[in-house]
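Trainee: got a predicted structure plus its sequence, pasted below:
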Amino acid sequence: MKKLITMFIPLMLCASVQAMGFTVWGLTEQATSVNSDNSLTGRVGYYLGSDNGGLELFVGSIWRVNDKAPQVMTLGAVQHMADLLDPNGPIPFIPDLLLPIINEDVSIRPYIGGRFTINFIDRDSGLFGGIAGIAVKLSPEANSELVFEGSYDNTFGDLNSVPDNEFKAYMGFRIPF
């Protein structure tokens, strides 16, 4: 435990200088059937970074509305990257391709990360997996972002009734405070 705390202290000291603050996420799973395997996901995160990218840690919950699978709590993190439409962005030809068809006020930031369950609530069920997505901000003054996300999860225990080892699509919002 002492090693873990010692490892996180430098990270917390560096990140607290550039912390952007708390975020709230709301996502719905986009499934082919409305009768099964749909989920609602909520997250509360803390964003450590700037407009050019940064790390966001979150705690969340996944609720499967029409399924007998239990509701689970998750921990995770996503790494936000720089705006794809910025002419000085990290990928050189993307702004040239997208700016003729997308308004220059729009920002599109990709992110990657992962999540896993906290098993102190229901020790018999869980999941872990990867996340990749984009956050779209329609204007610089807008407070919220549209989120389009894909995940690839592996489930175990009571969540085995949920199909796993397949790509799932999510859509929703992200609001920074």
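Mentor: Happy to help now that I have it.

Trainee: where are the low-confidence patches of the protein?
Mentor: The model of the chain has pLDDT under 70 over residues 1-19, 31-37, 87-92, 95, 119-124.

Trainee: how about the strands of it, start to end?
Mentor: Assignment of strands within the chain using DSSP state E yields the ranges 19-30, 39-50, 53-64, 72-80, 107-118, 125-137, 145-157, 167-176.

Trainee: wait, what's in contact with the closest residue to Asn143 other than its chain neighbours?
Mentor: Excluding its sequence neighbours, the residue lying closest to Asn143 (Cβ to Cβ, 6 or more residues apart in numbering) is Ile175, at 6.3 Å. Yep, even glycine has a C-beta here, placed from its N, CA and C like the rest. Shown in contact with Ile175 (Cβ atoms under 8 Å, 6 or more residues apart in numbering): Thr23, Val24, Trp25, Asn143, Ser144, Glu145.

Trainee: got the phi and psi for Pro70?
Mentor: phi -70, psi 160 (degrees, to the nearest 10).

Trainee: surely it meets Ser125?
Mentor: Yes. Under the criterion of Cβ atoms under 8 Å, Pro70 makes contact with Ser125 at 5.1 Å.

Trainee: which residues do those two both contact?
Mentor: Contacts common to Pro70 and Ser125, judged by Cβ under 8 Å, 6+ apart, are Asp158, Leu159.

Trainee: higher neighbour count, these two?
Mentor: Ser125 (20 against 17; other Cβ atoms under 10 Å).

Trainee: how much space separates the more buried one from Thr41?
Mentor: For Ser125, the distance to Thr41 (Cβ to Cβ, to the nearest Å) stands at 16 Å.

Trainee: and what of Phe167?
Mentor: Counting by Cβ to Cβ, the gap from Phe167 to Thr41 is 15 Å.

Trainee: ok, these two, which is more surrounded?
Mentor: Thr41 (19 against 10).

Trainee: the more buried one against Arg64, yeah?
Mentor: No. Using Cβ under 8 Å, Thr41 makes no contact with Arg64, being 10.1 Å away.
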